[in-house]
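Visitor: Output the structure for:
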Amino acid sequence: MFKVKGLSEEKVAELFPHTPVLVGYRGSIAHGMYLPNSDPNSIDDKDLMGVSLGPADIYIGLRTWEQKETMFEEYDVVCYEFRKFVQLLIKSNPNVLSMLWMAPEHYIYVSEAGQKLIDNRHLFVSKQIYNAYTGYAYSQLKKMEAYNKKGYMGEKRKRLVDKFGYDCKNAAHLIRLLRMGTEFLNTGELEVLRHDAPQLMEIKTGQWSLEKVKEEAQYEFKRADEAFDRCTLPNKPSVEAINGIVKEVIRNYVT
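Guide: Residues are numbered from 1 along each chain as shown. Have a look, this model is predicted:
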């Protein structure tokens with residue numbers, strides 16, 4: 001079993017059940033934007049994402065297993081069943097797609113099947129990322145402006161919303177998503193570890209006014225539209241080739 005700093009082997013096995021194939025940091029750590037708990041402005045958990053092959057009988061019988069989500073101390077963990085993960089990749093889900101383009105130091109465990117996905121990440125490249133990333137960005141824009149302190153917020157995050165008049169974490173997500181989507185449309189690559197992390201951290205810690213954030217978002221939405229108009233990427237992911245990889249991995253696993 002692989003190791004995660006601060007977690008026992010038993011807890012790692014519980015968080016990433018069955019047969020893990022890919023595990024890594026996601027969210028603020030992967031983007032180079034993590035604020036430790038010692039920082040007064042920190043509202044970050046340590047986000048982990050895993051992918052596992054489930055029990056063999058979910059592939060040859062009636063049993064099902066799709067995902068497991070757990071909060072444990074400072075860790076926010078999600079683990080997807082292999083096929084579920086690939087289905088989300090095909091939809092260009094921003095949270096999941098980043099797992100194929102992370103910096104090497106942010107991968108905790110990569111099996112042969114996990115490496116096969118990373119090596120074939122070009123199969124998931126398509127113009128679909130425009131709708132996926134701008135759609136997620138728009139949802140962050142709505143949350144940022146709503147000033148509605150939802151139940152998922154801790155007390156510290158609620159205090160920061162009160163202090164700055166908007167949700168700074170949503171604002172940072174908004175700008176990052178738009179920039180990543182535009183870069184992908186231009187290059188076919190995701191820059192997960194952000195070169196603009198210092199500026200995004202300014203937004204995240206309330207150093208930008210709400211008006212400045214909204215102006216930047218308007219500019220970035222326009223850039224994304226322009227990138228989509230000139231984009232030469234395929235319209236859809238290469239589903240048949242992806243299906244071939246999934247069948248190969250599952251066949252080798254259950255036999």
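Visitor: Next one: Asp119 from Leu190, what distance?
Guide: Distance of Asp119 to Leu190, given as CB to CB, to the nearest Å: 15 Å. Using the backbone N, CA and C atoms, a C-beta is placed for each residue, glycine as well.
Visitor: Neighbour count: those two, which is higher?
Guide: Counting neighbours by other CB atoms under 10 Å for Asp119 and for Leu190 shows that Leu190 has the greater number, 22 against 11.
Visitor: which residues touch Gly24?
Guide: Counting by CB atoms under 8 Å, 6 or more residues apart in numbering, Gly24 touches Ala30, Leu48, Met49, Gly50, Met99, Met102, His106, Tyr107, Ile108, Tyr109.
Visitor: ok, and the most crowded of these?
Guide: Busiest of these [other CB under 10 Å] is Met99, holding 29 neighbours.
Visitor: ok so it is a helix residue?
Guide: Yes - residue assignment for Met99, taken from DSSP: H, G, I helix; E, B strand; the rest coil, places it within a helix.
Visitor: where does it land on pLDDT?
Guide: According to the predicted model, the pLDDT of Met99 comes to 98.
Visitor: ok, now Thr232?
Guide: In the prediction, the pLDDT value recorded for Thr232 is 97.
Visitor: So which residues of this protein form helices?
Guide: Remark: helices of the chain, listed N- to C-terminal, are 9-15, 27-30, 57-60, 82-90, 94-97, 112-119, 129-146, 155-164, 168-187, 197-204, 210-230, 239-254; assignment by DSSP state H.
Visitor: could those go into a markdown table alongside distance to Glu74?
Guide: Putting the helices of the chain into a markdown table (distance: least, CB to CB, whole Å) gives the following:
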| stretch | distance to Glu74 |
| --- | --- |
| helix 9-15 | 13 |
| helix 27-30 | 11 |
| helix 57-60 | 31 |
| helix 82-90 | 24 |
| helix 94-97 | 19 |
| helix 112-119 | 25 |
| helix 129-146 | 23 |
| helix 155-164 | 13 |
| helix 168-187 | 16 |
| helix 197-204 | 18 |
| helix 210-230 | 27 |
| helix 239-254 | 32 |
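Visitor: what's the closest of those helices to Ser38?
Guide: When the helices of the chain are ranked by proximity to Ser38, the top entry is helix 155-164, at 12.7 Å, counting by CB to CB.
Visitor: Only C-alpha atoms, please: export that closest one in PDB.
Guide: These are the backbone C-alpha positions of helix 155-164, laid out as PDB (Å, rounded to 0.1, in the frame of the first residue of the first chain):
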ATOM      1  CA  GLU A 155     -17.100  29.400  10.300                       C
ATOM      2  CA  LYS A 156     -13.800  30.900   9.100                       C
ATOM      3  CA  ARG A 157     -15.000  31.000   5.500                       C
ATOM      4  CA  LYS A 158     -18.200  32.700   6.600                       C
ATOM      5  CA  ARG A 159     -16.300  35.300   8.400                       C
ATOM      6  CA  LEU A 160     -14.200  36.000   5.300                       C
ATOM      7  CA  VAL A 161     -17.400  36.400   3.300                       C
ATOM      8  CA  ASP A 162     -18.600  38.900   5.800                       C
ATOM      9  CA  LYS A 163     -15.200  40.700   5.800                       C
ATOM     10  CA  PHE A 164     -14.800  41.100   2.000                       C
END
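Visitor: Just give me the closest of the contacts of Gly24 to Gln218.
Guide: Checking those one by one against Gln218 (CB to CB), the nearest turns out to be Ala30, at 26.7 Å.
Visitor: ok so, going back, worst mean pLDDT among the helices of the chain?
Guide: In terms of mean pLDDT, the lowest-scoring of the helices of the chain is helix 155-164 (a mean of 82).
Visitor: what packs against it?
Guide: helix 168-187 (3 or more CB pairs under 8 Å, 6 or more residues apart in numbering; DSSP states H and E).
Visitor: the inter-axis angle of the helix it packs on versus helix 197-204?
Guide: 140 degrees (axes from the mean of the first three to the mean of the last three CA atoms, to 10 degrees).
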